[in-house]
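Undergrad: Just the structure for this:
(one chain, ligands or ions: 1)
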Amino acid sequence: MEDTATLRIGSQNYNFPVFMGTEQEIAVDLRHLREVTGVITLDEGYANTGSCLSEITFIDGEAGVLRHRGYPIEDLAAQSHFLETAHLIMYGQLPAKAVLDRFTSRVNRSALLNEGMQPLFAGFPSQAHPMGMLAALVQALGAYSPELATNDRKLDLARFDEAAILLMGTIRTLAALVSRRRRGLPMVYPNPELGYAENFLHMLFSLPNDPYEPHPEVAKALDLIFLLHADHEQNCSTSTVRMVASGGANPFACVSAGISALWGPLHGGANMAVIQMLQEIHDSGDNGHLFIDAVKAGSGRLMGFGHRVYKNYDPRATIMKATCERVLRLLGHSDPLLNIASRLEEEALRDEYFVSRKLYPNVDFYSGIILRAIGIPLDLFTVIFAIGRTPGWLANWREVAMSSKGRIYRPRQIYIGPVQREYMPLGDKSRA
Ligand code: CMC
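TA: Modelled structure (predicted):
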């Protein structure tokens with residue numbers, strides 16, 4: 001293949017280098033486009049734009065492939081667990097046993113919240129959305145650890161391990177306390193003897209004198225949900241983290257920004273929206289057929305379907321669906337929403353509208369049904385996604401911070417507003 005691409009603008013030809021990644025992905029390197037030609041690219045939504053070089057995650061959307069640091073998601077889901085995968089994503093290597101043990105123990109020991117943060121929970125109205133609270137509390141966590149959140153890149157990078165452990169350990173505590181605040185329950189202290197997911201379930205569900213002891217398969221399913229969300233290359237929230245990091249902000253500020261970006265229903269908020277959609281279909285007595293017709297007629301979207309990158313089945317959705325069926329069988333649940341989801345999926349996969357647009361179930365289509373079966377409140381679903389995505393955000397923060405050639409992210413735009421106008425003083429009759 002040619003190692004340059006030629007762009008013709010007017011009568012002038014320009015050559016640009018072609019860049020190839022380790023998985024043979026090809027990009028035309030336009031880093032000097034404007035400098036050389038005076039023009040820019042226009043790519044709203046960035047569907048054709050490689051915003052960075054990254055060593056963390058590879059996706060082949062056409063083939064339904066997802067690998068973290070080279071390891072297929074199917075292998076990690078079957079043989080690893082969340083903290084090991086988190087370590088792999090953040091540091092690039094599967095940790096040796098001693099390293100993993102130390103990492104696990106440090107994360108577990110850092111679940112305890114600085115007592116100074118307690119009053120912050122009471123400051124929120126009890127009906128505030130957990131994602132808004134979580135974004136604010138992660139910023140506050142940085143404020144309570146100023147030595148880890150200096151905005152001095154060298155210092156923040158040197159203390160990254162400590163910041164990552166604090167964020168990974170504490171985000172569960174914040175999430176559980178946010179939910180307890182909404183449910184009017186007193187706080188429960190973390191138990192460092194418990195595993196990552198178990199400890200979260202304990203903090204979420206234990207009552208005074210009535211400790212919650214999850215079925216090991218339930219804790220395993222939640223751990224798997226965290227793992228399946230751990231990273232997903234340049235999605236909306238991760239790109240937001242990189243954007244904020246590129247300006248030199250500390251990891252706490254960047255993770256908080258990632259949480260805000262994740263909140264929307266087209267991104268992480270989809271897991272909540274799927275359940276709301278299934279519930280509405282159920283309550284209306286529809287078997288899903290009328291809903292599919294309505295989506296095709298342009299009123300709304302089939303939530304949990306479609307993906308910017310996957311144009312084939314999302315490999316995480318395959319694992320999630322199998323886990324969902326297993327957890328429901330194990331718990332002896334028969335959720336009518338699962339039946340509706342299966343019927344919607346079947347119908348959509350046969351329908352020209354969805355087939356021609358390459359719309360398949362994504363990771364969020366079945367995750368909500370598992371979370372419902374476990375008893376996680378609906379308003380906490382996107383928070384679960386945020387806990388899972390934290391190592392991915394941190395890995396991307398670290399990659400930006402470590403890049404010696406990194407520049408501030410600063411896209412351009414094409415202005416389409418009015419051309420220069422003359423200012424009219426107040427009272428001028430020609431003012432509209
Ligand atoms: N239901 C119905 N039609 C859809 C859907 C859907 N879920 N998704 C896309 N389309 C249609 C869309 O209307 C458009 O049709 P047309 O060409 O006739 O205008 C076409 O498919 C292309 O859609 P798009 O909006 O240009 O696609 P996108 O790549 O910009 O959006 C998406 C990707 C995930 C935002 C979108 O598929 C969507 O809104 N899905 C539902 C929300 C959802 O499940 N989000 C979670 C994504 S996975 C978790 C994560 O990483 O965030």
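Undergrad: Surely residue 41 is within a strand?
TA: No. According to DSSP: H, G, I helix; E, B strand; the rest coil, residue 41 belongs to no strand; its state is coil.
Undergrad: Can you tell me how far the residue nearest to it when sequence neighbours are not counted is from residue 404?
TA: Leaving aside its chain neighbours, residue 41 sits nearest to residue 30 (6.2 Å; criterion: Cβ to Cβ, 6 or more residues apart in numbering). (Glycine included, C-beta is placed from N, CA and C.) Separation of residue 30 from residue 404 (Cβ to Cβ, to the nearest Å): 21 Å.
Undergrad: Could you grab the helix/strand/coil label for the residue nearest to residue 41?
TA: Quick answer, by three-state DSSP: residue 30 is coil.
Undergrad: who has more neighbours, residue 30 and residue 404?
TA: Remark: of residue 30 and residue 404, residue 30 carries more neighbours, 20 against 4, as counted by other Cβ atoms under 10 Å.
Undergrad: wait, isn't the more buried one in contact with residue 39?
TA: No. The criterion here is Cβ atoms under 8 Å, and residue 30 misses it with residue 39 at 10.0 Å.
Undergrad: So which bits of the stretch 201-350 of the chain are right by the ligand?
TA: Within the stretch 201-350 of the chain, the positions adjacent to the ligand are 232, 235, 266-268, 270, 295, 301-308 by Cβ under 6 Å from any ligand atom.
Undergrad: Next, the contact list for the residue in the stretch 151-300 of the chain that the ligand sits nearest to, please.
TA: In the stretch 151-300 of the chain, the residue that lies nearest the ligand is residue 270 (3.5 Å; Cβ to the nearest ligand atom). By Cβ atoms under 8 Å, 6 or more residues apart in numbering, the residues touching residue 270 are 303, 304, 362, 364.
Undergrad: Most neighbours among those, please name it.
TA: residue 364 leads the contacts of residue 270 on contacts (other Cβ under 10 Å) with 29 neighbours.
Undergrad: Surely it touches residue 277?
TA: No. Using Cβ under 8 Å as the test, residue 364 is too far from residue 277 to be in contact (10.9 Å).
Undergrad: Now for these two: what residues contact both?
TA: Residues touching both residue 364 and residue 277 (Cβ under 8 Å, 6+ apart) are 303, 304.
Undergrad: Disregarding residues adjacent in the polypeptide, which is nearest to the residue of the chain found nearest the ligand?
TA: Here the residue of the chain nearest the ligand is residue 306; by Cβ to the nearest ligand atom that distance is 2.3 Å. Excluding its sequence neighbours, the residue lying closest to residue 306 (Cβ to Cβ, 6+ apart) is residue 359, at 4.3 Å.
Undergrad: Give me the pLDDT value at that neighbour.
TA: Predicted confidence (pLDDT) for residue 359: 95.
Undergrad: so which strand or helix has residue 368?
TA: Under the criterion of DSSP states H and E, residue 368 resides in helix 364-374.
Undergrad: typed the wrong thing, it's residue 227
TA: Per DSSP H and E: residue 227 is located in helix 216-228.
Undergrad: so where do the strands sit in the stretch 51-200 of the chain?
TA: With strands called from DSSP state E, counting those that start in this stretch, the stretch 51-200 of the chain shows them at 57-60, 65-68, 71-72.
Undergrad: and those strands as TSV, adding mean pLDDT?
TA: TSV is the format used below for those (pLDDT from 0 to 100):
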stretch	mean pLDDT
strand 57-60	97
strand 65-68	98
strand 71-72	98
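Undergrad: what would those strands look like in CSV with distance to residue 390 and mean neighbour count?
TA: Formatted as CSV, the strands of the stretch 51-200 of the chain follow (distance: least, Cβ to Cβ, whole Å; neighbours: other Cβ atoms under 10 Å):
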stretch, distance to residue 390, mean neighbour count
strand 57-60, 15, 20
strand 65-68, 14, 21
strand 71-72, 19, 16
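Undergrad: and those strands as TSV, adding distance to residue 376?
TA: Shown next, in TSV, are those (distance: least, Cβ to Cβ, whole Å):
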stretch	distance to residue 376
strand 57-60	26
strand 65-68	24
strand 71-72	28
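Undergrad: and these as JSON lines, adding distance to the ligand?
TA: Formatted as JSON lines, these follow (distance: least, Cβ to the nearest ligand atom, whole Å):
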{"stretch": "strand 57-60", "distance to the ligand": "11"}
{"stretch": "strand 65-68", "distance to the ligand": "11"}
{"stretch": "strand 71-72", "distance to the ligand": "18"}
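Undergrad: for those, which one sits closest to residue 156?
TA: strand 57-60 (22.4 Å; Cβ to Cβ).
Undergrad: May I have the residues that are in contact with residue 358?
TA: Residues near residue 358 by Cβ under 8 Å, 6+ apart: 311, 312.
Undergrad: Phi, psi for it please.
TA: Dihedral pair for residue 358: phi 60, psi 50, per degrees, to the nearest 10.
Undergrad: Equivalent analysis for residue 30, please.
TA: Torsion angles, degrees, to the nearest 10, at residue 30: phi -100, psi 20.
Undergrad: what does residue 380 give?
TA: In terms of degrees, to the nearest 10, the main-chain angles of residue 380 are phi -100, psi 0.
Undergrad: What distance do you get for the nearest residue to residue 387 once chain neighbours are set aside to residue 214?
TA: Using Cβ to Cβ, 6+ apart and skipping the chain neighbours, the partner closest in space to residue 387 is residue 171 (5.4 Å). Between residue 171 and residue 214 the distance is 19 Å, computed by Cβ to Cβ.
Undergrad: of those two, who's got more company?
TA: Higher neighbour count among residue 171 and residue 214: residue 171, with 24 against 21, using other Cβ under 10 Å.
Undergrad: what domains does the record give for this protein?
TA: Residue ranges of the domains in the chain are recorded as 4-50, 71-264+378-402, 270-373, according to automatic domain parsing.
Undergrad: can you redo those as a markdown table with distance to residue 409?
TA: Listed next are the domains of the chain as a markdown table, based on distance: least, Cβ to Cβ, whole Å:
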| stretch | distance to residue 409 |
| --- | --- |
| domain 4-50 | 11 |
| domain 71-264+378-402 | 4 |
| domain 270-373 | 19 |
